[in-house]
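Chemist: Quick one: sequence plus predicted model below, questions after.
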Amino acid sequence: MGEEQHGQPEHPYHEEHRHHEHAAHEHKPEHAAAPTPLPLDNKLLFYAAVALIGGLLIGFAGHALLNPVQPAIAANSTASLSTPSTVPLQGQLSGQAAGEKAVKYLNENLLAAQGVTAVLNSVTEENGLYKLDMSINKGNETLQKPEAYASQNGRLLLVGTTFDLDKPVPTPEPAKPAATPQKTDKPVVELFVMSFCPFGVQAEQAMDPVIPLLKDSADIKIRYIAHIGDTLDSVQSLHGPTEGTEDIRQLCVAKNYNTTVLWNYVRTINAECYPQYSNPEAYTTCWKSAAAKAGINATAMEACITSEGVSLIKTEMEVTAKYGVSGSPTLMINGVRYEGARSADAFKQGICAAFKTPPAACSQAVSSAAPAAAGNC
């Protein structure tokens, strides 16, 4: 579950995990003469689009929480662009114009919904194409620097692996053998998330229909990826202090209420409050409403955060360190990383495979919704 899935793997478990994330800023393109159409067929345009979406939309996770990459461009600043010295021919765009057109297209059509922005840092000419030095940013933080090229007429953006046709194809490293969890009477299921990570929210929504079926047969827990020092105000989480506090609040709910109450609360948080997390005042009103709806004493949860918040997050830090988890979402079943699809049925099958004797609930159907997109925070 730590990397892109290209179909359901033969074994839904794997030892390795990769992660990546989301990100930030936009430029206005220069107006240039309309490009002369190239005689490219629809198939090439289709594959270019597939490469773009596959390479960027799905690939925004992988941020190492405690070792963030420093931003290449500060928020609200203007990127310095280096334009190739070659004078564009008729029908071609300058490197700057082609690069800014590509960034504008990405931001308006693909990245806005992800809460991230592409920033163009520089452009160079390479093998008849414009090589774009871009950053994918979220706020002041650079999440990814994809390898991208634009055609000189400004019509195509190519993203993904680049092959040198004068050299042999690199030999990929052999995959490590898939791991399967040891079967137990009551499997331990741990879903690691950041409470405001969009991929983590999707994983929780996929797990939600499984809870009523297996909550009594398996030990299903939500775990949180965050860092804290010795005081509450030192909590660090990728999406800001409000997320860190919500992680602690959900730990308090899990400690003081049963699984059904916790998931009723999480369901409302994900549906109604998570979209408002950047507005602390609105979020406070929303989480208290979600707590009341789930039958949770909000005042008691605030007292729990104050008295136990530091120790609760430190326990989570110990568990994430034990498993080497850093990406949200990560699902561990009996201590083994799950790498199957992110759907309710796939989660149910993964958990049921870890029972010595699967309960009758394992034969019951759950949501047939399509799997959530691969990706991590």
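Modeler: Great, that's in hand.
Chemist: When you work out contacts or count neighbours from here on, use the C-alpha atoms and nothing else.
Modeler: Will do.
Chemist: The helix ranked longest in the chain - what's its average pLDDT?
Modeler: If you go by DSSP state H, the chain has its longest helix at helix 298-323. For helix 298-323, mean pLDDT is 93.
Chemist: which of the residues in that helix are buried?
Modeler: Neighbour counts over helix 298-323 (16 or more other C-alpha atoms under 10 Å) mark 298, 301-302, 304-305, 309-314, 316-317, 319-320 as buried.
Chemist: Glu246: which of those is nearest?
Modeler: For the buried residues of helix 298-323, the closest approach to Glu246 (C-alpha to C-alpha) belongs to Ile305, at 9.5 Å.
Chemist: Report whether the expected contact of that closest one with Glu246 is present.
Modeler: No - in this structure, Ile305 is not within contact of Glu246 by C-alpha atoms under 8 Å, at 9.5 Å.
Chemist: Once you drop chain neighbours, what's closest to Tyr323?
Modeler: Among residues not flanking Tyr323 along the chain, Gly335 sits closest, at 7.5 Å (C-alpha to C-alpha, 6 or more residues apart in numbering).
Chemist: residues in contact with the one you found?
Modeler: By C-alpha atoms under 8 Å, 6 or more residues apart in numbering, the residues touching Gly335 are Pro181, Val188, Tyr323.
Chemist: Now the second one. Its backbone dihedrals?
Modeler: Backbone torsions for Val188, taken as degrees, to the nearest 10, come to phi -100, psi 120.
Chemist: Neighbours of it, how many?
Modeler: 19 (other C-alpha atoms under 10 Å).
Chemist: Please save the CA atoms from the helix or strand hosting Gln96 in CSV.
Modeler: Gln96 belongs to helix 95-106 when elements are defined using DSSP states H and E. What follows is helix 95-106, C-alpha atoms only, in CSV (Å, rounded to 0.1, in the frame of the first residue of the first chain):
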residue,chain,number,x,y,z
GLY,A,95,11.2,27.5,-23.4
GLN,A,96,9.7,29.9,-20.8
ALA,A,97,6.4,30.1,-22.6
ALA,A,98,6.2,26.3,-23.1
GLY,A,99,7.1,25.6,-19.5
GLU,A,100,4.6,28.1,-18.1
LYS,A,101,1.9,26.7,-20.4
ALA,A,102,2.6,23.2,-19.0
VAL,A,103,2.5,24.5,-15.4
LYS,A,104,-0.7,26.4,-16.0
TYR,A,105,-2.3,23.3,-17.5
LEU,A,106,-1.3,21.1,-14.6
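Chemist: mean confidence for that helix?
Modeler: The pLDDT scores in helix 95-106 average 92.
Chemist: Report all helices and strands that that helix contacts.
Modeler: strand 117-126, strand 129-138, strand 147-150 (3 or more C-alpha pairs under 8 Å, 6 or more residues apart in numbering; DSSP states H and E).
Chemist: how about JSON lines for these, with mean pLDDT, distance to Gln205 and mean neighbour count added?
Modeler: Shown next, in JSON lines, are the helices and strands packed on helix 95-106 (pLDDT from 0 to 100; distance: least, C-alpha to C-alpha, whole Å; neighbours: other C-alpha atoms under 10 Å):
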{"stretch": "strand 117-126", "mean pLDDT": "92", "distance to Gln205": "26", "mean neighbour count": "22"}
{"stretch": "strand 129-138", "mean pLDDT": "88", "distance to Gln205": "24", "mean neighbour count": "24"}
{"stretch": "strand 147-150", "mean pLDDT": "87", "distance to Gln205": "32", "mean neighbour count": "21"}
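Chemist: So for Thr285, which of those sits nearest?
Modeler: strand 129-138 (25.5 Å).
Chemist: what sits up against the closest one?
Modeler: Under C-alpha under 8 Å, 6+ apart, the answer for strand 129-138 is 22-25, 71-72, 95, 98-99, 115-125, 142-152.
Chemist: from the middle of its chain, how far away would the helix or strand following it be?
Modeler: Reading on from strand 129-138 to the C-terminus, the next helix or strand found by DSSP H and E is strand 141-144. Offset of strand 141-144 from its chain centre (C-alpha atoms, centre = their mean, to the nearest Å): 12 Å.
Chemist: Please save the CA atoms from strand 141-144 in CSV.
Modeler: Extracted as CSV, the C-alpha positions of strand 141-144 are listed here (Å, rounded to 0.1, in the frame of the first residue of the first chain):
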residue,chain,number,x,y,z
GLU,A,141,7.1,22.7,1.2
THR,A,142,8.4,20.9,-1.9
LEU,A,143,6.9,17.4,-2.1
GLN,A,144,8.2,16.2,-5.4
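Chemist: List the strands paired with that strand, with their directions.
Modeler: Using DSSP bridges, the strands paired with strand 141-144 are strand 129-138 (antiparallel).
Chemist: CA atoms of the strand it pairs with as PDB?
Modeler: Extracted C-alpha coordinates of strand 129-138, given in PDB (Å, rounded to 0.1, in the frame of the first residue of the first chain):
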ATOM      1  CA  LEU A 129      12.600  19.100 -26.200                       C
ATOM      2  CA  TYR A 130      12.300  21.500 -23.400                       C
ATOM      3  CA  LYS A 131      13.400  20.000 -20.100                       C
ATOM      4  CA  LEU A 132      11.300  21.400 -17.300                       C
ATOM      5  CA  ASP A 133      12.700  21.800 -13.800                       C
ATOM      6  CA  MET A 134       9.500  21.700 -11.800                       C
ATOM      7  CA  SER A 135       8.500  21.400  -8.200                       C
ATOM      8  CA  ILE A 136       5.200  20.100  -6.800                       C
ATOM      9  CA  ASN A 137       4.600  22.100  -3.700                       C
ATOM     10  CA  LYS A 138       2.100  22.400  -0.800                       C
END
